[in-house]
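Peer 1: next come a sequence and a model predicted from it.
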Amino acid sequence: MTVEPTPGLSSAEVRERIEAGNVNTLPSRSGRSASEIIIANVFTRVNVILFVLFVIVMSTGEFEQGIFGMLIIANSIIGIIQELRAKRTLDNLAVIGEAHPVVLRDGIPVQLPRDQVVQDDVIRVHPGDQVVVDGQVVDADYLEVDESMLTGEADTVTKMPGDEVLSGAFVVSGTGTYRAEKVGADAYAAQITAQAAKFTLVSSELRQGVDRIIRFVSFLMVPVAGLTVWVQFQQVGSTWQESVLSMTAALVPMIPEGLVLLTSMAFALGVVRLGRRNCLVQELPAIEGLARVSVVCTDKTGTLTQHGMTLGEIIPLAGSDLDVVRDVLGHLVGADPAPNASMQAIAAAVPASTVPWTVQARAPFTSARKYSGVSFHGRGNWLLGAPEVLSTSDGTVAALAEETGSSGRRVLLLAGTSASVDHPEAAADVAPMALLVLDQKLRPDAADTIDFFASQGVEVKVISGDNASSVGAVASTLGMTGAIRDARTLPEDDAAFSAAVEDAQVFGRVTPPQKKRMVQALQSSGHSVAMTGDGVNDVLALKEAHLGVAMGSGSPATRAVAQVVLLDDRFETLPHVVAEGRRVIGNVERVAKLFLTKTVYAVTLALVLGLLGLPNPFVPLQITVIGWFTIGIPAFLLSLAPNNDRARTGFVRRVLAVGVPSGVIVATATIVTFLMTRGLGPVHDTVDTQATTATLAALIISAVWVVSIVARPFVAWRLGMVVFGYVFYTGVFIYPPTQRLLELDISNPATMTVGIVTGLIAAAAIEATWWITARIRHERPVLWRTPGPPPTHGRDLRDEMPPRDRRSSAHPPTRPA
């Protein structure tokens, strides 16, 4: 149904609404503003605790002991810089990837950014467009919208003039215009489309694991910290300044000051790195998501193949005249106000007729119906769609279409029908007129990307709305050898359906609800599922999958629901997403092991000494220097380093398996050395200093060895980091200025021997624990990374794929037109 077209707002009316503030102003695409980012990174719980301890230490007049306060500045600056970089990247990419609605201004259609829409603007929509603001339909030409993201109902809704449309819905078929009534914060888009590209640290397996570790640490810290404060202020003969310094030295290492920071930084760096490859990460857990998936479901058209198609051949049927066929096609082209990719390919070869026929009825193409059609006054009713869907009296036409499509080409049937095309039974009895053969080109990177996933143990399944034989031929060209299944033959029973989806690799004639059901079936079987697509028919499956990946040139609706958008349509970017996910997961795991080890040994040391009523052996400056190469610098370097280790489940278990025993061993070595060199009673200051020095040596030797465990398998720079740590601390112990600064005394050989030997025994125990733990988990301990081929500029994960015949842009063999 149509009404008199409207010219939209005039330029003067637009200015009036802008001045009145009636503009579709949306929240920042990346969530927090720059000022909010700065405040959030400065006033963290860790920074507040460190600042309070810093102020207390400053009150003693021992200013050099407060150098740990630099952690506040470092934590804040690193967090601010990385999040601002990520925000800038997301903002820039979101502008490219967001919907740009077509708005009528002064009677002229103009494509604008969504935040330039004003109240009462008239917006034109076509199939695949997302409704960006709430409004009322002005003009509807067979307009059908999908409101499943709003209502949960999968059925499309027909819209007529006067009907309400809500932002977040998207157009499935037909065309129309609607007038914007609610814009900005009043529209549903303020929560849907703006939220899609928001910089958030939302729930993920990795962050949940880090949170569990933080809770575990907090549970240990609270009672031990209280005991420490009480014991240190009960020491006989100690001044309040000495008690404050001992208390602070015991409390500071308990705080996992960098764990959350480096986790967030690893995610933010991933956003920036992928942004350089024109990959928009709309939800941060998506970075780790693809590294964990076990099945990748992908559409064929526009994902494995390029968007452009050409009309390769017209095959007349039943004695039809080719000129008549081309004449009908020319009028169908002219009658379609919003041609899809297939109709655009036909239009490129068969231009629209200069003398159009009068249109009586139209049936826009939908993925569920799989055909479109037009009824012309006095010129018949014509359908164009899938040959096996448009019924015929015998199977000869379907067989010919099946044979033609078996080479990977897309085949459509042009047929006449006695019923009006908008009748529900229009396709029940048709007269075939011609087969149209469309040629498609494979993406140059599709074969290598599928090879990569296969080499990583990730299964790729192709689920397409095209003919099963055609889809199977394309999949075969890409090296996929699994079973091919026509989705129309899939069983209705859930268990049988899941088994069929599990067994086959390539599916044709899949409807949008079936795509969603396939994703659900794979998830119910325990798979982590990623879905890639570009069309409206992929939206339901993209939304259902653990990870949705959309092509940048796809419909706005797919880009809105996907967690990752490949803005330049490069399918080969997915291995880089995997690489970033592996880097984040693997590096955060390494960093968590270091921080948990530090917290466990600090808590154990404070607990045992508190129960024995002994003073803490260290002062804050010593603890700060200890942290440089036993936690701080190694954690920073490891969090940013390349890491291609495959993602595995059991993050928390593996972290605890290393952090808890290592922390207990380090604490045991520290306590044993302190007791052996100092004893339990009051001692002379010289003896106390010598005991502290030996205890510090034992702590450093064992703690640096934990770094060597976490850094494995070794590569040159990781081994160098460990060696440099030992060399650095050796220099600290023997260099007179640092001896004076850190109050070290190495003049007693017997005392130092106790510390060194105890530290070496602890290092050996840590090493043995690492080997035993690996054996218990049935893993093979790897000391050195096996050297691979020499690195080259631009080398990436795809270079590690097993060699095979590299296919590029060649499309399946075709018959001459």
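Peer 2: Yep, it's here.
Peer 1: where do the helices of the stretch 51-200 of the chain begin and end?
Peer 2: 70-97, 148-151, 193-196 (DSSP state H, counting those that start in this stretch).
Peer 1: my bad, the stretch 301-450 of the chain
Peer 2: 322-334, 341-349, 396-405, 446-455.
Peer 1: need the winner for burial among these.
Peer 2: helix 446-455 (a mean of 21; mean count of other C-beta atoms under 10 Å). (C-beta placed from N, C-alpha, C; glycine too.)
Peer 1: that one packs against which elements?
Peer 2: strand 459-463, helix 574-612 (3 or more C-beta pairs under 8 Å, 6 or more residues apart in numbering; DSSP states H and E).
Peer 1: ok now stretch 299-314, how far from the chain's centre?
Peer 2: 28 Å (C-alpha atoms, centre = their mean, to the nearest Å).
Peer 1: residue nearest the centroid of this structure?
Peer 2: In the chain, the residue lying closest to the centroid (C-alpha atoms, centre = their mean) is A286, at 1.5 Å.
Peer 1: so E181 makes contact with Q119?
Peer 2: Yes: with contact defined as C-beta atoms under 8 Å, E181 counts as touching Q119 (7.0 Å).
Peer 1: which of the two has more residues huddled nearby?
Peer 2: Q119 (23 against 16; other C-beta atoms under 10 Å).
Peer 1: the closest residue to the more buried one other than its chain neighbours and S11, how far apart?
Peer 2: Nearest residue to Q119, sequence neighbours excluded (C-beta to C-beta, 6 or more residues apart in numbering): N22, at 3.8 Å. According to C-beta to C-beta, to the nearest Å, N22 and S11 sit 15 Å apart.
Peer 1: which phi and psi does P101 have?
Peer 2: phi -70, psi 150 (degrees, to the nearest 10).
Peer 1: what about it, how many neighbours?
Peer 2: Neighbour tally, P101, other C-beta under 10 Å: 24.
Peer 1: give the contact list for it.
Peer 2: Q111, L112, R114, V117, I123, R124, V125, D129, V132 (C-beta atoms under 8 Å, 6 or more residues apart in numbering).
Peer 1: the more surrounded of N22 and S11?
Peer 2: N22 (19 against 9).
Peer 1: that one touches E181, doesn't it?
Peer 2: No: applying C-beta under 8 Å, one finds N22 not in contact with E181, separated by 10.4 Å.
Peer 1: overlap in contacts, the two.
Peer 2: Joint contacts of N22 and E181 (C-beta under 8 Å, 6+ apart) are Q119, D120.
Peer 1: got the residue ranges for the strands in the stretch 1-150 of the chain?
Peer 2: 102-105, 108-111, 122-125, 134-146 (DSSP state E, counting those that start in this stretch).
Peer 1: coming back round to it: now flag whichever of the contacts of P101 is closest to A606.
Peer 2: R114 (55.5 Å; C-beta to C-beta).
Peer 1: excluding chain neighbours, what is closest to the closest one?
Peer 2: Of all residues not flanking R114 in the chain, V132 sits nearest, at 4.6 Å (C-beta to C-beta, 6+ apart).
Peer 1: and the one you found, its phi and psi?
Peer 2: V132 has phi and psi values of phi -90, psi -20 when expressed as degrees, to the nearest 10.
Peer 1: picking up where we left off before, format the helices of the stretch 301-450 of the chain as CSV; extra columns: mean pLDDT.
Peer 2: CSV is the format used below for the helices of the stretch 301-450 of the chain (pLDDT from 0 to 100):
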stretch, mean pLDDT
helix 322-334, 93
helix 341-349, 88
helix 396-405, 85
helix 446-455, 89
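Peer 1: how about the ones you listed in JSON lines, adding distance to Q440?
Peer 2: Formatted as JSON lines, the helices of the stretch 301-450 of the chain follow (distance: least, C-beta to C-beta, whole Å):
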{"stretch": "helix 322-334", "distance to Q440": "19"}
{"stretch": "helix 341-349", "distance to Q440": "9"}
{"stretch": "helix 396-405", "distance to Q440": "11"}
{"stretch": "helix 446-455", "distance to Q440": "11"}
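Peer 1: right, and those - which one's nearest T358?
Peer 2: helix 322-334 (10.1 Å).
Peer 1: centre of the chain to the closest one, how far?
Peer 2: 46 Å.
Peer 1: so how far is V666 from L696?
Peer 2: Taking C-beta to C-beta, one finds L696 at 12 Å from V666.
Peer 1: scratch that, V260 is what I was asking about
Peer 2: From V260 to V666 the distance is 22 Å (C-beta to C-beta).
Peer 1: what about the two, which has more around it?
Peer 2: More crowded of V260 and V666, by other C-beta under 10 Å: V666, with 31 against 21.
Peer 1: show the pLDDT at that one.
Peer 2: Listed pLDDT for V666 reads 95.
Peer 1: now do the contacts for the residue nearest to the centre of the chain.
Peer 2: L547, Q563, V564, V577.
Peer 1: how about those, which pair is most distant?
Peer 2: Of all pairs in the contacts of A286, the most separated under C-beta to C-beta is Q563 and V577 at 10.2 Å.
Peer 1: out of the contacts of P101, which is most surrounded?
Peer 2: Busiest of the contacts of P101 [other C-beta under 10 Å] is V132, holding 31 neighbours.
Peer 1: about what we covered before: export the helices and strands packed on helix 446-455 to a markdown table and tack on distance to G659, mean pLDDT and mean neighbour count?
Peer 2: Converted to a markdown table, these look like this (distance: least, C-beta to C-beta, whole Å; pLDDT from 0 to 100; neighbours: other C-beta atoms under 10 Å):
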| stretch | distance to G659 | mean pLDDT | mean neighbour count |
| --- | --- | --- | --- |
| strand 459-463 | 34 | 93 | 23 |
| helix 574-612 | 3 | 86 | 24 |
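Peer 1: for S476, which of the ones you listed is the nearest?
Peer 2: strand 459-463 (10.5 Å).
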